[in-house]
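Trainee: sequence unknown, structure follows:
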């Protein structure tokens, strides 16, 4: 598999990074309805944001038909994401399923206003569903930059694997973004693990989950939130409600905390290094 190109898309170093994230009640296997839903949800707040984030498989839901509905790498959804990124002058982050020469992947994309993009293929496909049999596992970690912030992308089930997500010494990222379809029956684990990943990596974390009930009757509570490096929720969506929330992340606060509490210096030497 070809390693993704990590595009340096920073345009300026910002102390305040503003995130808008949508806890979306995904329309089942209906990309057109989801395109309209997402654009309508973000339109009132997009002017305030640097990054817009949607859940995992935001165009279809987490379906047994994901492989059949896979798009070309530069298909309709990428063109939609490019349009929103350009229209609102933001980075657009979300996952959808793509079919490549190497196989079918649940691919997280980050798309910038000038149309350039990068991607991360979900490494931990969920074996308790059909995802693991339908889709290929990604094999490469990814890091990228936006407006001076170093960002680590991850998808849903990846949240349970701290070694895969481990920050390094010296620290390699400032913000971790999770796009997810995490069922309501495991909501407590979702919230606990988001906070744990933030604390152990001395990083901001934003986890964006869907809400509503999918086409096979699985309910999703949501629990989307932005968490600081101490594990404190900065903002969160109401349970089971489709809504957009905003969070402002502060680089100077992060740097002061890391300087005073430099836990990363004592990271174990066998920790996995970033590629």
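Mentor: That came through fine. Fair warning: this is a prediction, and the values are worked out from it, not measured in the lab.
Trainee: When you work out contacts or count neighbours from here on, use the C-alpha atoms and nothing else.
Mentor: Fine.
Trainee: ok, residue 224 to residue 178 distance?
Mentor: Taking CA to CA, to the nearest Å as the criterion, residue 224 is separated from residue 178 by 10 Å.
Trainee: pLDDT weak spots in the stretch 151-275 of the chain?
Mentor: By pLDDT under 70, the low-scoring segments of the stretch 151-275 of the chain are 270-275.
Trainee: who's more crowded, residue 224 and residue 178?
Mentor: For residue 224 versus residue 178, the count of surrounding residues by other CA atoms under 10 Å is larger for residue 224: 33 against 28.
Trainee: which residues sit in contact with the closest residue to that one other than its chain neighbours?
Mentor: If the residues on either side of it in the chain are set aside, residue 224 comes closest to residue 208, at 4.6 Å by CA to CA, 6 or more residues apart in numbering. The neighbours of residue 208, taking CA atoms under 8 Å, 6 or more residues apart in numbering as the test, are 21-23, 53-56, 177-180, 222-225.
Trainee: how does it look with 6 Å?
Mentor: In this structure, residue 208 makes contact with 55, 179-180, 224, judged by CA atoms under 6 Å, 6 or more residues apart in numbering.
Trainee: for the strand or helix carrying residue 107, packing partners?
Mentor: Assessed by DSSP states H and E, residue 107 sits inside strand 103-111. The elements that strand 103-111 packs onto, with contact taken as 3 or more CA pairs under 6 Å, 6 or more residues apart in numbering; DSSP states H and E, are strand 91-100, strand 117-121.
Trainee: Now the helix or strand that comes right after the shortest one: average pLDDT?
Mentor: Of the helices and strands lying after strand 117-121 in sequence (DSSP H and E), the nearest is helix 131-134. In this model, helix 131-134 has a mean pLDDT of 90.
Trainee: ok, now stretch 61-76?
Mentor: Per-residue confidence for stretch 61-76 averages out to 95 on the pLDDT scale.
Trainee: and that stretch, which residues are buried?
Mentor: Taking 16 or more other CA atoms under 10 Å as the neighbour-count basis, stretch 61-76 is seen to contain the buried residues 61-63, 66-67, 69-71, 73.
Trainee: What lies in contact with that stretch?
Mentor: When contacts are defined by CA under 6 Å, 6+ apart, stretch 61-76 is touched by residues 26, 28, 97-99, 134.
Trainee: Filter those residues down to the buried ones and express that as a ChimeraX selection.
Mentor: Buried residues within those, by 16+ other CA under 10 Å, are selected in ChimeraX with:
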select :26,28,97,98,99,134
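Trainee: of all the contacts of stretch 61-76, which two lie farthest apart?
Mentor: Pairwise distances among those were taken by CA to CA; the largest, 21.3 Å, belongs to 26 and 99.
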